[in-house]
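S.K.: Pasted the sequence and its predicted model underneath.
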Amino acid sequence: MAALWIIVPAAGIGARMQSQLPKQYLPLAGKTVLEQTMWVLLQAHHLKSVVVALHPDDQHFQNLDVAQDPRIQIVVGGAERADSVLNALLVIQEQAAADDWVLVHDAARPCLQLTLLNQFIDSLFAGSQGGILAAPVADTLKRVGAQHEILATQDRTGLWAAQTPQMFTLAQLLPALQQALAVGRQITDEASAIEAAGHALKVVPGPSDNLKITRPEDLPLAELILRAQRGI
Ligand SMILES: Nc1ccn([C@@H]2O[C@H](COP(=O)(O)OP(=O)(O)OP(=O)(O)O)[C@@H](O)[C@H]2O)c(=O)n1
Ligand SMILES: C[C@](O)(CO)[C@H](O)COP(=O)(O)O
């Protein structure tokens, strides 16, 4: 029976957050951002293990209660998010079965609802095609220059904003990511590598509240979302 491995890229420095602490360790609804994310992921269907990619200098994770969960493994992250994911995949490859699945979810997306996570997993698990959560773009998109001048208004027909989780078979994801990085392709999500490798994938409509905490104003919004979701 195939199993699910989860990768949590958590090795970023959160520069856009402009905070002393890396954003994954900022307080959120009584815990840290990362703990809120891990609380959901550790309840995933078919879960075998969660591999968390940490910054080489991370001194925070070891102090979290969740770090004691025996299903969690730690790997050193890389220079870019894709490098962190690749490092985790190489650890998983040593332990996984050929038909196992890998789900990647950003540490910075703590508002993913458990019911949605497991619906997403169950919708893909019995098939062979991977998939991503995404939401159709709702705003008019402008291409803006360095002086904040409008360069063009982009046609947003058919444009969706990719989120995480993104889930693919290990057999597809590892070689696709290795190949994309080897040729210097700009990889900002796993689907980019899968697309470049010519694999089909499904887009599963995701909610607009599955936000990625990126800038300071995102944290109070995430607090409101989580407290509303969990009744805290
Ligand atoms: N080398 C990196 C860079 C990012 N990430 C992780 O990838 C997720 C999404 O990346 P992003 O929101 O860009 O986080 P940061 O890179 O920390 O933010 P910034 O770009 O503002 O520094 C985050 O959970 C982050 O910790 C990672 O594991 N390894
Ligand atoms: C993976 C991702 O969250 C999908 O939208 C996004 O690409 C991460 O980008 P970042 O610049 O690493 O935050």
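M.R.: Yep, it's here. Ligands and ions are numbered 1, 2, ... in the order given.
S.K.: Mind listing what's buried along the lengthiest strand in the chain?
M.R.: Counting residues, the longest strand found in the chain (DSSP state E) is strand 160-169. By 16 or more other CB atoms under 10 Å, the buried positions in strand 160-169 come out as Ala162, Gln163, Thr164, Pro165, Gln166, Met167, Phe168, Thr169. The C-beta positions use only the backbone N, C-alpha and C, and glycine is treated the same way.
S.K.: How about stretch 105-124?
M.R.: 105-113, 116-118, 120-121, 124.
S.K.: How about stretch 197-211?
M.R.: Neighbour count says stretch 197-211 has Ala197, His199, Leu201, Val204, Gly206, Asp209, Asn210, Leu211 buried, by 16+ other CB under 10 Å.
S.K.: ok, and for stretch 86-98, which residues are buried?
M.R.: Within stretch 86-98, the residues scored as buried using 16+ other CB under 10 Å are Leu86, Asn87, Ala88, Leu89, Val91, Ile92, Ala96.
S.K.: nearest to Ala3, of the buried residues of stretch 105-124?
M.R.: Among these, Ile121 lies closest to Ala3 (CB to CB), at 11.4 Å.
S.K.: Am I right that the closest one is in contact with His45?
M.R.: Yes - with contact defined as CB atoms under 8 Å, Ile121 reaches His45; the gap is 5.1 Å.
S.K.: Need the overlap of contacts for the two.
M.R.: Residues touching both Ile121 and His45 by CB atoms under 8 Å, 6 or more residues apart in numbering: Leu4.
S.K.: Pull up the gap between Ile121 and Ala196, please.
M.R.: Distance of Ile121 to Ala196, computed by CB to CB, to the nearest Å: 24 Å.
S.K.: what does the protein put close to ligand 2?
M.R.: Applying CB under 6 Å from any ligand atom, we find that the chain lies next to ligand 2 at Arg81, Asp106, Ala162, Gln163, Thr164, Thr188, Asp189, Lys212.
S.K.: out of these, what pair is the most spread apart?
M.R.: Maximum distance among the residues of the chain next to ligand 2 (CB to CB): 13.8 Å, for Arg81 and Gln163.
S.K.: No more questions from me, cheers.
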